[in-house]
Every structure is written in structure tokens, then in C-alpha cells.
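J.: sequence and predicted model, in that order:
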Amino acid sequence: QKEVEQNSGPLSVPEGAIASLNCTYSDRGSQSFFWYRQYSGKSPELIMFIYSNGDKEDGRFTAQLNKASQYVSLLIRDSQPSDSATYLCAVNVNGNQFYFGTGTSLTVIP
Amino acid sequence: DVKVTQSSRYLVKRTGEKVFLECVQDMDHENMFWYRQDPGLGLRLIYFSYDVKMKEKGDIPEGYSVSREKKERFSLILESASTNQTSMYLCASRGQGLPTQYFGPGTRLLVL
């Protein structure tokens, strides 16, 4: 079983809609959770992170954690074509041990 | 803003060559990482370093070595490049006690 699993997609949403991305993680001791955006050919760019104690909203982005079910979600409101990218979920178990999912490809259709 | 730079964006090498990939960060971060990213496999940790001259193996260290002689610089070495090391190589850094890693622009390595 992989430490972090994501549906590879592609996920397509119309412009202005809400995009919902999810990932599941296996280690119940995971302490912090990250969402990165990666454009084709570029490196991952941090969008936001949350600790195990709560959700976070930042502009159009909301990260939510469901500890009981061990999944993390990222909601993108008012999706824009510029949001089209691959979204990577990552978890930090302890110290320098990070695990990454393989990413979900999102396409926002104008 | 954190800045992580990598010495090359693209590299083409021949099988058996020794390859050096360099990474420099300007935020005085203690921790630095080397990952490779392959389609369908995601990011996999090769090595990380938590201090000068200190290193720890990640999940896929075979065929690689690292060097950290100065705090701001972390080098990845492919002693004898092979075709299965063709990949995107990503360097990252993280401050001690801080939650997030920041990535450099990546080096796309092709081994022929």
C-alpha cells in the first residue's frame, strides 16, 4: 500500500466551478499535510499546508482534513483556466520524512 | 522569499559518465533534499541532509551519492550514469522546525 494515494484524473471542471481534489494517506501519525501545484515541465509550488488539528482557507483554496477516514481534500472555488495543472498531495510523518502522491491532473475548461 | 536554485535545467549525458547536480538555497535552511520524479511514480526521495556533512539515505539511494560541504549547497552525484537514471531531479530545502519544503526549478537529465 502506498503511503499517499491520489486519483490521477484527469479531472475536468468548467470555469467558475468548484474543483475538488482528494488524497488518502496510510500513516495515522501524519502530522502535516501539503498541497502543491505543478505545471507541466515545472517544479512543485506550495499552495497551502495544514496541521493535523484543523482546516485552512486561503483565498479561493480550502484544505480540509478528515482524520477518521485519513483523507485530505483541496477545494478550489471559482476555478480558472490558470488552475489547470497537476496537484500533488504530500504528508509529513515526522522530521524529514515526506511522502508524495503521484498527483491529480486538473483541467479547467473555459 | 525562499530561493532554491539548481545548476542546470537540462542535461544530456552518456552512459558511464559521472554527473554532478548542484543545488543552492539562500535561506540558511538546515535541511536539504534530493528527489527524482518519474511519470506514475511521483516524487521519490534519494537522499537528504540535515546539516553540513550529514546525510541520510532516502527510499532510492542506489547509484547516487551526495555531498554537503557548505550549508547552502547540496550536490547529487551519479557515479556512473545509466539510462534508468533519466529523470527529473528536484532539490528542496526546509528550515529546522518549519513545516514546508521549497523546491528548486528541477533538472531534467537524459542519459543516452
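T.: All right, it came through fine. Numbering: from 1, shown residues only, chains lettered A, B, ... in the order given.

J.: in three-state terms, label the residue of chain B positioned farthest from its centre for me.
T.: Most distant from the centre of chain B: residue B:97, at 20.9 Å, with distances by CA atoms, centre = their mean. Counting by DSSP: H, G, I helix; E, B strand; the rest coil, the backbone at residue B:97 sits in coil.

J.: quick check: residue A:44 touching residue B:100?
T.: No - using CB atoms under 8 Å, residue A:44 is not in contact with residue B:100, being 11.0 Å away. Where you see a C-beta, it was placed from the backbone N, CA and C, and this is true even at glycine.

J.: quick one on the thing from earlier: state the distance from the residue farthest from the centre of chain B to residue A:96.
T.: Between residue B:97 and residue A:96 the distance, using CB to CB, to the nearest Å, works out to 12 Å.

J.: longest strand in the chain, please.
T.: Unless you meant another one, I'm taking chain A. Longest strand of chain A, by residue count under DSSP state E: strand A:85-94.

J.: not quite, go with chain B.
T.: strand B:42-51.

J.: whether it contacts chain A - can you check?
T.: Yes - counting by CB under 8 Å from any CB of the partner chain, chain A is contacted by strand B:42-51 at B:42-43, B:45, B:48, B:50.

J.: in a markdown table: those, plus neighbour count, distance to residue B:13 and pLDDT.
T.: Formatted as a markdown table, the residues of strand B:42-51 next to chain A follow (neighbours: other CB atoms under 10 Å in any protein chain shown; distance: CB to CB, whole Å; pLDDT from 0 to 100):
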| residue | neighbour count | distance to residue B:13 | pLDDT |
| --- | --- | --- | --- |
| B:42 | 22 | 24 | 88 |
| B:43 | 26 | 22 | 93 |
| B:45 | 21 | 22 | 94 |
| B:48 | 26 | 24 | 95 |
| B:50 | 16 | 29 | 94 |
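
J.: ok, back up a step: who has more neighbours, residue A:44 and residue B:100?
T.: In this view residue A:44 and residue B:100 are compared by other CB atoms under 10 Å in any protein chain shown, and residue A:44 has more residues nearby, 27 against 18.

J.: find the nearest non-adjacent residue to the more buried one, please.
T.: In space, residue A:44 comes closest to residue A:36 once its chain neighbours are excluded; the distance is 3.7 Å by CB to CB, 6 or more residues apart in numbering or on different chains.

J.: what is the burial count for that neighbour?
T.: Neighbour count for residue A:36, taken as other CB under 10 Å: 24.

J.: and if you look at the one 10 residues further on?
T.: Residue crowding around residue A:46 was assessed by other CB under 10 Å; the count is 17.
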